[in-house]
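Visitor: Okay, predicted coordinates and the sequence, questions at the end:
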Amino acid sequence: MEPALLLITAYFLDRLLGDPSWFPHPVVAMGWMIRQVEKALRWCEQVWRLQGKWALRLLGCLFPILVVGGVYILSFLLIQGVAAVSVSLAWGLEALLIATTIATKGLADAAQGILSCLRQGDLEGARQQLSMVVGRDTETLDESEVVRGTVETVAENIVDAVTAPLFFAAIGGAPLALAYRAVNTLDSMVGYQSQRYRHLGWASARLDDGANWLPARLTVGPMLVALMWKGYDAKGAWQILRRDARKHPSPNSGMTEAAMAGGLGIQLGGTNRYQGVISHRSLLGDSVEERTQAHILASITVLKVTTLLFTLGLSLIVWAV
């Protein structure tokens, strides 16, 4: 029962507290580690005069080995050290550490902030709020595109920010959940397809895809139940997921984004700009409805219900095992 209770406690800690300013967030330390490892790898690249694609990719494998491995070992030793003093204190620390790896409240609050600006007629404020959670250029987006960006972010991060870290916490407690968060942080910092990281960040990007593969698919069931429970089109979500999910550049984000599009009856995907460079993404879903502010609120509802159902279901499995 204890591991199951640990997951439930961590989930509700996040729903209640989010990321409190008084607790140092592990992602900050992970970001620092990644920057230091990158400096060392760039030095090796220059000294060894590495230029070939596979030579750089092999060197880039040190990113996950050093960062992810380091995070796991340090967190494991921390919890074991505290457990040597007090088992109860170590249990509380582990619950708190798992809570830092998930972000239901933070994601919902970010979307709610964008929605509040739109409700007040402050499109510029909504654009600025959106720019804090997406990589695309937001300066010229109209309201419909702001809604699209917000709903896409909520749908994608149901897995990245909640169900995937909980899945790994169920397997290996806080150390493995934190290791997953290190994988996710690596992908966000060095895994994207820019010239700077095309080869050196290749291993980090592929590891993130692999880590999210199963959690993304396990999230579909709770998400369909959540859509049906709240009165949205669960059947349409399943149909669009099967038709369009593979069109997304991510093998995992496409699952929840397509399901969200189908469930809400809107179309996601399309043209984005990244630092002025146009990027075309395949369309997900059909334009049954025009995108409106109400769809942001709907996506927040789906986020909360999906993650709650996932947590309870996962806890039951852990308890039964």
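Guide: Here it is on my side, so go on.

Visitor: now the helices for the stretch 201-321 of the chain?
Guide: 202-229, 234-244, 253-264, 293-320 (DSSP state H, counting those that start in this stretch).

Visitor: can you pull the buried residues of the last one?
Guide: So the one you mean is helix 293-320. Judged by neighbour count using 16 or more other CB atoms under 10 Å, the buried positions of helix 293-320 are 293, 295-296, 298-311, 314-315, 318. All C-beta atoms are positioned from the backbone trio N, CA, C, and that covers glycine.

Visitor: Excluding chain neighbours, what is closest to Cys44?
Guide: Taking CB to CB, 6 or more residues apart in numbering, and ignoring the residues beside it in sequence, Cys44 has Leu59 as its nearest neighbour in space, at 6.3 Å.

Visitor: Please name the residues that touch the one you found.
Guide: 41, 44-45, 50, 200 (CB atoms under 8 Å, 6 or more residues apart in numbering).

Visitor: Same question for the lowest-mean-pLDDT helix or strand in the chain: list its buried residues.
Guide: Every helix and strand in the chain was compared by mean pLDDT, DSSP states H and E; the lowest is helix 53-60, with a mean of 86. Along helix 53-60, these residues count as buried under the neighbour rule (16+ other CB under 10 Å): 56-57, 59-60.

Visitor: Which single one of these is nearest to Gly106?
Guide: Among the buried residues of helix 53-60, Gly60 lies closest to Gly106 (CB to CB), at 29.2 Å.

Visitor: so how far is Gln36 from that closest one?
Guide: In this view, Gly60 and Gln36 are 15 Å apart by CB to CB, to the nearest Å.

Visitor: so where do the strands sit in the protein?
Guide: Remark: strands of the chain, listed N- to C-terminal, are 268-274, 277-284; assignment by DSSP state E.

Visitor: Val225 is in contact with Phe310, isn't it?
Guide: No: at 9.7 Å, Val225 and Phe310 do not qualify as touching, with contact defined as CB atoms under 8 Å.

Visitor: who wins for proximity to Gln128 among the helices of the stretch 201-321 of the chain?
Guide: Taking CB to CB, helix 293-320 is the member of the helices of the stretch 201-321 of the chain nearest to Gln128, at 15.7 Å.

Visitor: so what does that closest one touch, helix or strand wise?
Guide: Under the contact criterion of 3 or more CB pairs under 8 Å, 6 or more residues apart in numbering; DSSP states H and E, the helices and strands touching helix 293-320 comprise helix 2-17, helix 104-119, helix 143-158, helix 164-190, helix 202-229, helix 253-264.

Visitor: Packing partners of the first one?
Guide: This means helix 2-17. Contacting helix 2-17 under the criterion 3+ CB pairs under 8 Å, 6+ apart are the following elements: helix 87-101, helix 104-119, helix 164-190, helix 293-320.

Visitor: Format those helices as CSV; extra columns: distance to Ser279 and mean pLDDT.
Guide: As requested, those are arranged in CSV below (distance: least, CB to CB, whole Å; pLDDT from 0 to 100):
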stretch, distance to Ser279, mean pLDDT
helix 87-101, 29, 95
helix 104-119, 21, 97
helix 164-190, 17, 95
helix 293-320, 22, 97
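
Visitor: With distance to Val68 as extra columns, can I get these in CSV?
Guide: Rendered in CSV, the data for the helices and strands packed on helix 2-17 read as follows (distance: least, CB to CB, whole Å):
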stretch, distance to Val68
helix 87-101, 13
helix 104-119, 22
helix 164-190, 5
helix 293-320, 22
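
Visitor: still on that earlier bit, need the winner for burial among the strands of the chain.
Guide: Mean neighbour count (mean count of other CB atoms under 10 Å) peaks for strand 268-274 among the strands of the chain, with a mean of 17.

Visitor: Partner strands of it, with direction?
Guide: Partner strands for strand 268-274, per DSSP bridges, with pairing direction: strand 277-284 (antiparallel).

Visitor: Pull the contacting residues for the residue nearest in space to the middle of the chain.
Guide: Among the residues of the chain, the one closest to the centroid is Asp160, at 2.2 Å (CA atoms, centre = their mean). The contact partners of Asp160, taken as CB under 8 Å, 6+ apart, are 184, 212, 253.

Visitor: again, 6 Å this time
Guide: Listed by CB atoms under 6 Å, 6 or more residues apart in numbering, the contact set of Asp160 reads Asn184.
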